[in-house]
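Colleague: return a 3D structure for these sequence lines:
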Amino acid sequence: MYNAENCMEATGAYYSKWLGQDGILNRDWKGVEYVYSEQRNTVQHGYAHRFDIYALCQKDRIVVSYGDRIGNWLEAMKSQIRDVMPAEEVRQIMEKIFQRNVFDNMKYVFKNMPDIPSDAKALAPEDYREYEDFWRKCNPGCKNTEWLKEYFEEMAQAHMCIGIYRDGGIVSCTDAPDMPYMGEQVQEIGINTLREYRGNGYAAMACSKCLQEMAAHHKIPLWSTAADNLASRRLAQKIGFAEYAEVISVTL
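Modeller: Residues are numbered from 1 along each chain as shown. This is a model prediction of the structure:
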């Protein structure tokens with residue numbers, strides 16, 4: 001079973017690596033820190049673009065991780081983000097400075113195992129055809145599925161592909177996004193539910209079973225979602241997560 005202290009430590013270690021300074025979030029300090037990181041100059045494993053600026057905001061501290069492309073904008077940021085402020089103000093400052101889209105994401109830490117009855121099933125490699133049918137329904141516009149079988153088999157072997165069956169097929173299923181850091185220790189949970197089956201609690205049932213599997217195999221769960229994805233944020237809280245930080249990021 002999970003230990004709340006270990007979950008907090010692992011979550012802090014994971015996002016410290018994102019910021020480019022190991023352990024910075026697991027130290028007791030308050031205020032604003034700017035951290036140069038070469039990782040801001042590259043695309044992290046599992047992502048489609050760089051994060052040239054990655055500002056992690058908590059109640060009493062902010063860490064701004066930046067790369068080479070920040071250039072002369074750095075001084076403008078330092079002059080305006082020099083004291084702890086709400087993430088919304090950080091986002092507004094970045095929008096004003098960079099004049100481009102700003103990403104706003106919520107990060108969660110796992111606190112306690114939910115008590116949610118579930119008939120979800122951990123899928124095995126031989127369940128691929130059922131998963132493929134479900135995946136195609138979730139992604140009707142995608143034509144290239146050459147990678148899907150290998151991806152599914154890896155998830156199934158890691159006990160991370162948990163499905164809810166209704167009406168003869170999978171209607172909700174977890175997945176395991178690629179992790180750029182600490183992949184042996186932590187894993188983010190993804191979830192998809194067919195549109196016509198939403199609102200029935202299936203996502204919570206699948207995720208609850210997934211958390212049990214992760215605990216049995218000694219993986220610390222993570223949850224991340226867009227700040228405006230209220231359904232995902234409610235689900236996170238329902239299955240035992242609490243808000244850890246808000247991340248404001250920019251790709252230049």
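Colleague: tell me where the stretch 51-200 of the chain has helices.
Modeller: Secondary structure of the stretch 51-200 of the chain (DSSP state H, counting those that start in this stretch): helices located at 73-80, 87-98, 128-138, 148-157.
Colleague: return the most buried member of the ones you listed.
Modeller: Ranked by mean neighbour count under mean count of other CB atoms under 10 Å, the helices of the stretch 51-200 of the chain are led by helix 87-98, which reaches a mean of 18. All C-beta atoms are positioned from the backbone trio N, CA, C, and that covers glycine.
Colleague: let's have the helices of the stretch 51-200 of the chain in JSON lines, adding distance to Thr42.
Modeller: Putting the helices of the stretch 51-200 of the chain into JSON lines (distance: least, CB to CB, whole Å) gives the following:
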{"stretch": "helix 73-80", "distance to Thr42": "19"}
{"stretch": "helix 87-98", "distance to Thr42": "19"}
{"stretch": "helix 128-138", "distance to Thr42": "29"}
{"stretch": "helix 148-157", "distance to Thr42": "23"}
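Colleague: just send those helices back as TSV, with distance to Asn112 and mean pLDDT too.
Modeller: Shown next, in TSV, are the helices of the stretch 51-200 of the chain (distance: least, CB to CB, whole Å; pLDDT from 0 to 100):
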stretch	distance to Asn112	mean pLDDT
helix 73-80	37	97
helix 87-98	25	97
helix 128-138	29	96
helix 148-157	25	94
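Colleague: for Met205, find the nearest of those.
Modeller: Closest to Met205 of those is helix 128-138 (CB to CB; 15.2 Å).
Colleague: what helices and strands are in contact with that closest one?
Modeller: Counting contacts by 3 or more CB pairs under 8 Å, 6 or more residues apart in numbering; DSSP states H and E, helix 128-138 is packed against helix 148-157, strand 162-166, strand 169-175.
Colleague: swap in 10 Å and give it another go.
Modeller: Packing partners of helix 128-138 (3 or more CB pairs under 10 Å, 6 or more residues apart in numbering; DSSP states H and E): helix 148-157, strand 162-166, strand 169-175, strand 190-193.
Colleague: the residue nearest to Val43 when sequence neighbours are not counted: neighbour count?
Modeller: Nearest residue to Val43, sequence neighbours excluded (CB to CB, 6 or more residues apart in numbering): Arg50, at 5.3 Å. Using other CB atoms under 10 Å, Arg50 is surrounded by 19 other residues.
Colleague: quick check: Arg50 touching Ile70?
Modeller: No - using CB atoms under 10 Å as the test, Arg50 is too far from Ile70 to be in contact (11.5 Å).
Colleague: hey, what's in contact with both of these two?
Modeller: Both Arg50 and Ile70 are contacted by 40, 250, 252, under the criterion CB atoms under 10 Å, 6 or more residues apart in numbering.
Colleague: any quick ChimeraX command for the buried ones out of these?
Modeller: Selection of the buried residues among those in ChimeraX, burial being defined by 16 or more other CB atoms under 10 Å:
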select :40,250
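Colleague: among the shared contacts of Arg50 and Ile70, name the ones in strands.
Modeller: Counting by DSSP state E, those place Val250 in strands.
Colleague: which of the shared contacts of Arg50 and Ile70 sits closest to Met85?
Modeller: Compare each of these with Met85 using CB to CB and the shortest gap goes to Val250, at 16.8 Å.
Colleague: the closest one contacts Ser65, doesn't it?
Modeller: No - applying CB under 10 Å, one finds Val250 not in contact with Ser65, separated by 11.1 Å.
Colleague: what do these two both touch?
Modeller: Jointly contacting Val250 and Ser65 under the rule CB under 10 Å, 6+ apart are 51-55.
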